[in-house]
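Visitor: 3D model of this:
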Amino acid sequence: MVTTVDAVVIGAGPNGLVAANLLADEGWDVLVLEAAATPGGAVRTAEIAAPGFRADVCSAFYPLFAASPVMAGLRLEDHGLNMIHAPDVLAHVFADDRVALLSRDADRTAASLGTFASSDVDAWHDQIALWDRVGDDLLAALLRPFPPIRGAAHLLRSLGGADAIRLVRRFVQPARRFGNEVFAGEGARTLITGNAIHSGLGPDDAASAVFGWLLTMLGQTVGYPVSEGGADGIVTAMIRRLEARGGRVACGREVTDVIVESGMAVGVRDRTGETVLARKAVLADVPAPILLSRLVGEEHLPSRLVADLRNFEWDDGTIKVDWALDAPLPWTNPDAAGAGTVHLGADTDGLAVSTTQMRNGSVPTDPFLLMGQMTTSDPTRSPAGTEALWAYTHVPNGKNWGRDELERFGDVVQSAIERHAPGFTGNIRARTIQGPSDLEGLDPSLVGGAISQGVTSIHQELFFRPVPGLGRADMPVDRLYLAGASAHPGGALHGAPGANAARAALSRNGTFGRIYRAGVGSAHRILYRPARGPGI
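Guide: The predicted model follows:
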């Protein structure tokens, strides 16, 4: 059987659905093929630990969704989506039980940080003022295709050359150094370094400052909202929007091949042998190594690109524990009780130790926990008076975990929480542990439990993501576009990789499409021509 559409999208994750929606907005006939039985990729919700306790399978809190101009443009609230907030955004619980609190109320945040160092009250308000000055332009620069000419130009006009240079210096620093320069107390400093960990970067990694500062400022200004009823509400709204514009999503259809003819992607073939031909574009919301090496095939790629793909670096693995609790967590420090997100167990030095242990291939002895109090954030997630709780932590990618080993690790995680919430274990109704292979089984894009589809270190960001290239969605195979998180600008639910891929496809097929194709093709030939002599 052969079906013909304008564009076929591989994968019904959020980026694939963003791309499909934007193409459908332009009148394209779009079909999305998803291997799993349900859409959403890493954005799904299920009764994981116990019936009646709805937990998000992977991602749960969405600051970049709230701030993204891409997602705002979709107006998903018109299609049933309702985003809501916990009373407080984030609580970082230190080993001595002190809490650094991040709230959407700036004075409340500043007061909490002021208990660590009084001067940080004013320093915090200074950072908010800086965000108000540069935040929108910074997001535009980060989320648009590389090079970010428009966003960078606006930043330069807003700041002037001298301040812009100093801002860039701040952002390419390690998060620890940034915190030490800006704040006097460990509370504010660890909010920055703890939020940098969300990106997979440690406190002493170059450019971790920009990730830590960005997520912290977003928490202050737009919060860490959740989708009421479950993260899958975001996916449902995107599919409703797509279908209203004539697009379709077909689940249970695993794509096994991208069909390439004369250097051009012309369609895909699924596991049943059915073919979908694409008149204009093939877009893929899957990791770059899977798309290029497995679905396209190395015989259709420049040899230098094939060599570059072998250096692609996956991010750390992940272990996630879900609990169904008969009561909310009995925190010793009540400042943690109202936070949707909780960081537990370490200051900046402790975060650095955990990161170093993982880089050396060892499981951290005192793992940093990122926790979600889901019923605190959304009362519909579990019966009244109970709590749906999860925690995850990073572990070295590539380690094989047996079920008994995972259960023992779960006991370590529980003990860490019990130290700060005595009586917590007595409230456990049920517990479920997902190791790296479990997460990959739920979503094949989470290779080895890697939730970012590749490290976010500077050597694999911007025009180095996913490999040295243009920093754009266009692939060396004409009419093929990378729309997943291993494309610039990377992970998190902001929709930028999908939007960038859709824009590239529209440009390739627009009024100046011939010029666009020639320019991209010429750039790829230069980038991937064989090295003259010993190559890098």
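
Visitor: the stretch 301-450 of the chain: helices as residue ranges?
Guide: 303-309, 348-359, 374-377, 403-420, 436-442 (DSSP state H, counting those that start in this stretch).

Visitor: just say which of the ones you listed is most tucked in.
Guide: Of all these, helix 374-377 carries the top mean neighbour count, a mean of 25, counting by mean count of other Cβ atoms under 10 Å. For glycine as for every other residue, the C-beta is placed from the backbone atoms N, C-alpha and C.

Visitor: name the helices or strands packed onto that helix?
Guide: strand 339-344, strand 387-395 (3 or more Cβ pairs under 8 Å, 6 or more residues apart in numbering; DSSP states H and E).

Visitor: tilt between the shortest one and helix 348-359?
Guide: Spelled out, that is strand 339-344. 70 degrees (axes from the mean of the first three to the mean of the last three Cα atoms, to 10 degrees).

Visitor: can you give the domain ranges for this protein?
Guide: 2-42+233-312+451-527, 45-68+314-449, 123-217 (automatic domain parsing).

Visitor: give me the buried positions along the helix or strand bottoming out on mean pLDDT in the chain.
Guide: Of all helical and strand segments in the chain, the minimum by mean pLDDT, DSSP states H and E falls on helix 149-159, at a mean of 75. Neighbour-count burial for helix 149-159, with 16 or more other Cβ atoms under 10 Å as criterion, is recorded at G151, A152, H154, L155, L159.

Visitor: again, but for stretch 71-86
Guide: Those would be M71, L74, L76, H79, L81, M83, H85, A86, for stretch 71-86 by 16+ other Cβ under 10 Å.

Visitor: compute the first-to-last residue distance for that stretch.
Guide: 21 Å (Cα to Cα, to the nearest Å).

Visitor: phi and psi next, for the closest residue to A231 other than its chain neighbours.
Guide: The shortest distance from A231 to any non-neighbouring residue, by Cβ to Cβ, 6 or more residues apart in numbering, is to D56 (4.2 Å). Backbone torsions of D56, given as degrees, to the nearest 10, read phi -80, psi 130.

Visitor: same deal with E261?
Guide: phi -130, psi 130.

Visitor: farthest-apart pair in the buried residues of helix 149-159, please.
Guide: G151 and L159 (12.3 Å; Cβ to Cβ).

Visitor: okay, the helices of the stretch 301-450 of the chain in CSV with distance to A278 next?
Guide: Below are these laid out as CSV (distance: least, Cβ to Cβ, whole Å):
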stretch, distance to A278
helix 303-309, 22
helix 348-359, 41
helix 374-377, 39
helix 403-420, 42
helix 436-442, 28
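
Visitor: show me where the stretch 151-300 of the chain has strands.
Guide: Using DSSP state E, counting those that start in this stretch, the strands of the stretch 151-300 of the chain run over residues 226-227, 248-251, 255-261, 264-270, 275-284.

Visitor: closest one to A37 among the ones you listed?
Guide: Judged by Cβ to Cβ, the one of the strands of the stretch 151-300 of the chain that comes nearest to A37 is strand 248-251, at 5.6 Å.

Visitor: and the closest one, which strands flank it?
Guide: Strand 248-251 has the following strand partners under DSSP bridges: strand 30-34 (parallel).

Visitor: what is the mean pLDDT for the partner strand?
Guide: Taken as a whole, strand 30-34 has a mean pLDDT of 98.

Visitor: what's the next secondary structure element after that strand?
Guide: strand 45-46 (DSSP states H and E).

Visitor: give me the distance between that next one and the centre of its chain.
Guide: Centre-to-centre, strand 45-46 and its host chain are 18 Å apart (Cα atoms, centre = their mean, to the nearest Å).

Visitor: show me the residues around S303 that make contact.
Guide: Residues near S303 by Cβ atoms under 8 Å, 6 or more residues apart in numbering: Y528, P530.

Visitor: how close does it sit to L309?
Guide: Look at S303 and L309: by Cβ to Cβ, to the nearest Å, they are 11 Å apart.

Visitor: same question, G114
Guide: Applying Cβ to Cβ to G114 and L309 gives a distance of 49 Å.

Visitor: and what of L242?
Guide: 31 Å.

Visitor: so can I have JSON lines of the helices of the stretch 301-450 of the chain showing distance to T393 and mean pLDDT?
Guide: Listed next are the helices of the stretch 301-450 of the chain as JSON lines, based on distance: least, Cβ to Cβ, whole Å; pLDDT from 0 to 100:
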{"stretch": "helix 303-309", "distance to T393": "29", "mean pLDDT": "92"}
{"stretch": "helix 348-359", "distance to T393": "8", "mean pLDDT": "90"}
{"stretch": "helix 374-377", "distance to T393": "17", "mean pLDDT": "98"}
{"stretch": "helix 403-420", "distance to T393": "7", "mean pLDDT": "96"}
{"stretch": "helix 436-442", "distance to T393": "11", "mean pLDDT": "93"}
